[in-house]
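S.K.: fold the following and give me the result.
(one chain, ligands or ions: 1)
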Amino acid sequence: MIQRKIEIMDTTLRDGEQTSGVSFSVSEKLTIAKLLLEELKVDRIEIASARVSKGELEAVQKITSWASSTNQLEKIEVLTFVDAGKSIDWMLASGAKVQNLLTKGSLNHLTHQLKKTPKQHFADIKATIELAAKHHIKTNVYLEDWSNGMRNSKAYVFKYLDFLTTQNIERILLPDTLGILTPKETFTFIAEVRQKYPNTHFDFHGHNDYDLGVANVMEAVKAGANGLHLTINGMGERAGNAPLASVIAVINDFLKEVEVAVNETALNKVSKLVETFSGFRIPVNKPVVGANVFTQTAGIHADGDHKNNLYFNDLMPERFGRKRKYALGKTSGKANIQKNLQDLGISLNDDELKKVTQRIIELGDKKEVVSQDDLPYIISDVLDSDTIEKRVVVENYVLGHAKGMKPSTTLQLIVEGVRYEAHAQGDGQFDAFMNALKKLYKTHSKKELPSLIDYAVRIPPGSHSDALCETIITWKREKNEFITRGLDSDQTVSAIKATEKMLNII
Ligand SMILES: CC(C)C(=O)C(=O)O
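M.R.: Residues are numbered from 1 along each chain as shown. Have a look, this model is predicted:
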């Protein structure tokens, strides 16, 4: 089957930058532009609005100079205005060769914002297109508020399109400026213009105000749109634009009659880079690129994956340069843990697996995020504790820490079935705990406590900051040194757990 090619125009650097609070630096724009064209392989990029700032001019100059050296200048587009040639002067200074001229696509906008008649507007547009052509600048034309125009002033839109299709332009760009269209309307409106002007190239530019951006783009393609405007991570004005990653997945999986040149495996990398540069966080459940979307949390899913991939769909993570994960927490169960152990190359017997599962459920109950990186630490803690006979139990404690007061601890300890209690102050919470312990041992035990000679804390690499913390304490008794470890989400508690182990060893 011969597939119809759909041009993908990425507008992250123009409409995406209109996300409230986002501004890319010159070098960030250049880096993103290179990635979009060279790795992601979109067909065109819109990188700026003309006349915005000095920095914007510098960014466009850098990008056009690189694009010219790599023969890609025709893929670089800039939003321009009908402004008696000022935007064209800016284009000439920037080195860009394709303008996306903003014009009015609804009578409402034309009358109330520009306060012009269609005749005056068309004459200004004609002059701008001709001036651009004189300077070897190609023109695409945006019909701003086109979706409203199709709803409320169709006669104006078609009169304007009759005029435009006789002009020296490359493409007509049809925005749903306010994201108001339904999928059904999108199909109908695009089909109408395509039918009337079968030889003209039409792009659809969808916004996401009703969360219908992807659905509308899908209908635009079915109705015959030749190109689509998308942004990385769905960035853009208000609720953003149709997100590129989701649209590419939808086209590749559901619209077999068309094809796009975009390289799916680069989607995640580009998405992450744009997230870092923009500071605009990707929601964890954002399809294709969100942190959680390839993580199975329920144990039953991991179990089903094991049995003939029962919980897989066509969105395989490897397509997008990602990997399936199995979450660890209170609902994860043994199957998830087994999957993570397999990944790490660790094997446990049934009894050990049961104990590790129990510990993860306990941690999950405390609302902690347990990651695969934490798993070896949990295993070693569980198995290590298992080998020690528990004669001494740190049963209860109150740790006091208040501004302007010395930290204090009240401690209840059970030694071979007998409960003891002590209170002490210290330089920090753990120091106060140790002082209370020393008091107890001095009064009630003949045993000497070992001295603490080193105290190290580490967080499993890749672990979330609210997850686990391991305290490793080196003790010295007479000439012998030994180490105990404690694991908890709270640093002081992890040190107390390491100390409890020491009490059971001496
Ligand atoms: C500025 C214009 C082209 C726009 O982004 C829109 O109408 O959505």
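S.K.: tell me the residues of the stretch 51-200 of the chain that contact the ligand?
M.R.: Contact residues (CB under 6 Å from any ligand atom) of the stretch 51-200 of the chain with the ligand: L102, Y142, E144, P175, T177. Quick note: C-beta positions are derived from backbone N, CA and C, even for glycine.
S.K.: now render those as JSON lines, adding pLDDT and distance to L328.
M.R.: What follows is these, written out as JSON lines (pLDDT from 0 to 100; distance: CB to CB, whole Å):
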{"residue": "L102", "pLDDT": "98", "distance to L328": "51"}
{"residue": "Y142", "pLDDT": "98", "distance to L328": "49"}
{"residue": "E144", "pLDDT": "98", "distance to L328": "50"}
{"residue": "P175", "pLDDT": "98", "distance to L328": "45"}
{"residue": "T177", "pLDDT": "98", "distance to L328": "45"}
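S.K.: where does the nearest residue in space to H444 that is not next to it in sequence sit: helix, strand or coil?
M.R.: Leaving aside its sequence neighbours, H444 sits nearest to Y420 (CB to CB, 6 or more residues apart in numbering; 5.5 Å). With DSSP: H, G, I helix; E, B strand; the rest coil as the basis, Y420 sits in strand.
S.K.: need the contact list for K286.
M.R.: Contacts for K286 (CB atoms under 8 Å, 6 or more residues apart in numbering) come out as N233, G234, P243, V293.
S.K.: now, which of the residues you listed sits nearest the ligand?
M.R.: Checking the contacts of K286 against the ligand by CB to the nearest ligand atom gives G234 as the nearest, at 13.6 Å.
S.K.: how many other residues sit next to the residue nearest to H444?
M.R.: By the criterion of other CB atoms under 10 Å, Y420 has 17 neighbours.
S.K.: ok, now S451?
M.R.: 10.
S.K.: next one: the closest residue to it other than its chain neighbours from D454, what distance?
M.R.: Excluding the flanking residues, the one nearest S451 by CB to CB, 6+ apart is K476, at 5.2 Å. Relative to D454, K476 is positioned 9 Å away (CB to CB, to the nearest Å).
S.K.: ok, I379 next?
M.R.: Relative to D454, and taking CB to CB, I379 is found at 24 Å.
S.K.: quick one on the thing from earlier: give the next helix or strand downstream of the host helix or strand of the residue nearest to S451.
M.R.: Element membership for K476 (DSSP states H and E) is strand 469-477. Moving toward the C-terminus from strand 469-477, the next helix or strand (DSSP H and E) is strand 480-488.
S.K.: tilt between that next one and strand 469-477?
M.R.: 160 degrees (axes from the mean of the first three to the mean of the last three CA atoms, to 10 degrees).
S.K.: before we move on, the earlier item: now rank the contacts of K286 by neighbours and give me the top one.
M.R.: Sorting the contacts of K286 by how many neighbours each has (other CB under 10 Å) puts G234 first, at 30 neighbours.
S.K.: in the stretch 201-350 of the chain, which ranges drop under the pLDDT threshold?
M.R.: Along the stretch 201-350 of the chain, the model assigns pLDDT under 70 to residues 299, 302, 305-306.
S.K.: what segments of the stretch 301-450 of the chain are helices?
M.R.: 333-344, 350-365, 375-386, 429-444 (DSSP state H, counting those that start in this stretch).
S.K.: could you dump those into JSON lines with mean neighbour count and distance to Q72 added?
M.R.: As requested, the helices of the stretch 301-450 of the chain are exported to JSON lines (neighbours: other CB atoms under 10 Å; distance: least, CB to CB, whole Å):
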{"stretch": "helix 333-344", "mean neighbour count": "19", "distance to Q72": "40"}
{"stretch": "helix 350-365", "mean neighbour count": "16", "distance to Q72": "50"}
{"stretch": "helix 375-386", "mean neighbour count": "17", "distance to Q72": "46"}
{"stretch": "helix 429-444", "mean neighbour count": "19", "distance to Q72": "60"}
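S.K.: a markdown table for those, including distance to P198?
M.R.: Formatted as a markdown table, these follow (distance: least, CB to CB, whole Å):
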| stretch | distance to P198 |
| --- | --- |
| helix 333-344 | 53 |
| helix 350-365 | 59 |
| helix 375-386 | 60 |
| helix 429-444 | 77 |
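S.K.: and these, which one averages the lowest pLDDT?
M.R.: Among the helices of the stretch 301-450 of the chain, helix 375-386 has the lowest mean pLDDT, at a mean of 77.
S.K.: centroid-wise, who is the farthest residue in the protein?
M.R.: K446 (58.8 Å; CA atoms, centre = their mean).
S.K.: the ligand contacts on the protein?
M.R.: So the chain meets the ligand at D15, L102, Y142, E144, P175, T177, H205, H207 (CB under 6 Å from any ligand atom).
S.K.: if we use 8 Å, what do you get?
M.R.: Contact residues, the chain versus the ligand (CB under 8 Å from any ligand atom): 11, 14-15, 18, 49, 79, 100, 102, 142, 144-146, 173, 175-178, 205, 207, 229, 236-237, 241.
S.K.: all helices for the stretch 151-300 of the chain, in order.
M.R.: 154-164, 183-196, 213-222, 244-254, 267-278, 299-306.
S.K.: so T64 lies in a helix, does it not?
M.R.: Yes. Assessed by three-state DSSP, T64 belongs to a helix.
S.K.: for the closest residue in space to it that isn't next to it in sequence, give me its contacts.
M.R.: Of all residues not flanking T64 in the chain, G95 sits nearest, at 3.6 Å (CB to CB, 6+ apart). Remark: with contacts taken as CB under 8 Å, 6+ apart, G95 is in contact with V60, Q61, T64, S65, S68, L73.
S.K.: just curious, which of those is nearest to the ligand?
M.R.: V60 (16.6 Å).
S.K.: V284: how many residues sit nearby?
M.R.: Neighbour number of V284 under other CB under 10 Å is 11.
S.K.: that one and Y156, how far apart?
M.R.: 44 Å.
S.K.: same deal with H205?
M.R.: 19 Å.
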